[in-house]
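Participant: Okay, structure incoming, though there's no sequence with it:
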């Protein structure tokens, strides 16, 4: 159930840790010191110290957002995405525990202009071998329906929004081709009501880059009675 304080942000992101694997086959991040606190002391007055950290990682790490450039060379990159496509979006949670999520899961819902967050419960397997096998995904027809419904963004708490056995990656292709950003590897969607919240997932403004981790979160609308429907 949602927290009692409707104004408290609800965190929907995994923590990035050194050595963790987000996507099988991609390197884990290395998080270390560039300048340690101990080494910094020689540069400052007595009693003053700073830490400068360093992260070496691929873009597809933790909870991340895909822009159209991730799939298409001429698509909008992270720097070109308008904030209106990433922040303060009215949201809807669609709860879909089945492996292949069809268009029927979205029928009858008010989706236009909304961030559609698909809760599968797969985040319970995060940091385990089970996370990489048999994950829930959207079908091509479901993606086509979401494009036609004019959604603003689509997120999922699973390993991939596509069936990784389909090398065409039709869901990525359709959504990103329609300039609909994708957020993968989400968590905590069970904390959200079906509707009545605003969604935020803003990456750094990086040119010629298609994907980057985000601190995804939601704010509940205090004017809306919150029931998990």
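Facilitator: That came through fine. None of these values were measured; they are calculated from a predicted model.
Participant: all contacts plus neighbour counts: C-alpha atoms, from now on.
Facilitator: Fine.
Participant: now the residue nearest to residue 156 when sequence neighbours are not counted, which residues is it bridged with?
Facilitator: Spatial nearest neighbour of residue 156, excluding adjacent residues (Cα to Cα, 6 or more residues apart in numbering): residue 118 at 4.7 Å. With DSSP bridges applied, residue 118 shows beta-bridge pairing to residue 94, residue 156.
Participant: quick one: residue 118 from residue 183, how far?
Facilitator: The spacing between residue 118 and residue 183, counted by Cα to Cα, to the nearest Å, is 10 Å.
Participant: Find the residues that touch each one of those two.
Facilitator: 154, 155, 156 (Cα atoms under 8 Å, 6 or more residues apart in numbering).
Participant: Hmm, the second one is touching residue 187, no?
Facilitator: No - between residue 155 and residue 187 there is no contact under Cα atoms under 8 Å: 10.1 Å.
Participant: just to revisit the earlier point, any idea how many residues pack against the residue nearest to residue 156?
Facilitator: Using other Cα atoms under 10 Å as the criterion, residue 118 is surrounded by 27 other residues.
Participant: same check, this time on residue 201
Facilitator: 26.
Participant: just residue 209 next, same as before
Facilitator: Neighbours of residue 209 (other Cα under 10 Å): 19.
Participant: same deal with residue 148?
Facilitator: 12.
Participant: Compare the shared contacts of residue 118 and residue 183 and tell me which has the most neighbours.
Facilitator: Going by other Cα under 10 Å, residue 156 tops these with 28 neighbours.
Participant: Checking the residue of the chain positioned farthest from its centre next. Helix, strand or coil?
Facilitator: Largest separation from the mean C-alpha position in the chain: residue 46, at 42.9 Å (Cα atoms, centre = their mean). Following DSSP: H, G, I helix; E, B strand; the rest coil, residue 46 is assigned to coil.
Participant: Could you report the separation of it from residue 223?
Facilitator: 52 Å.
Participant: ditto for residue 165
Facilitator: 43 Å.
Participant: Ok, residue 213 next?
Facilitator: Counting by Cα to Cα - residue 213 and residue 223 are separated by 31 Å.
Participant: which of these two has more neighbours?
Facilitator: Higher neighbour count among residue 213 and residue 223: residue 213, with 24 against 9, using other Cα under 10 Å.
Participant: residue contacts, the closest residue to that one other than its chain neighbours?
Facilitator: Using Cα to Cα, 6+ apart and skipping the chain neighbours, the partner closest in space to residue 213 is residue 64 (3.8 Å). Neighbouring residues of residue 64 by Cα under 8 Å, 6+ apart: 183, 184, 185, 211, 212, 213, 214.
Participant: Among those, the buried ones, what's the PyMOL command?
Facilitator: A single PyMOL command suffices to select whichever of these are buried according to 16 or more other Cα atoms under 10 Å:
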select buried, resi 183+184+185+211+212+213+214
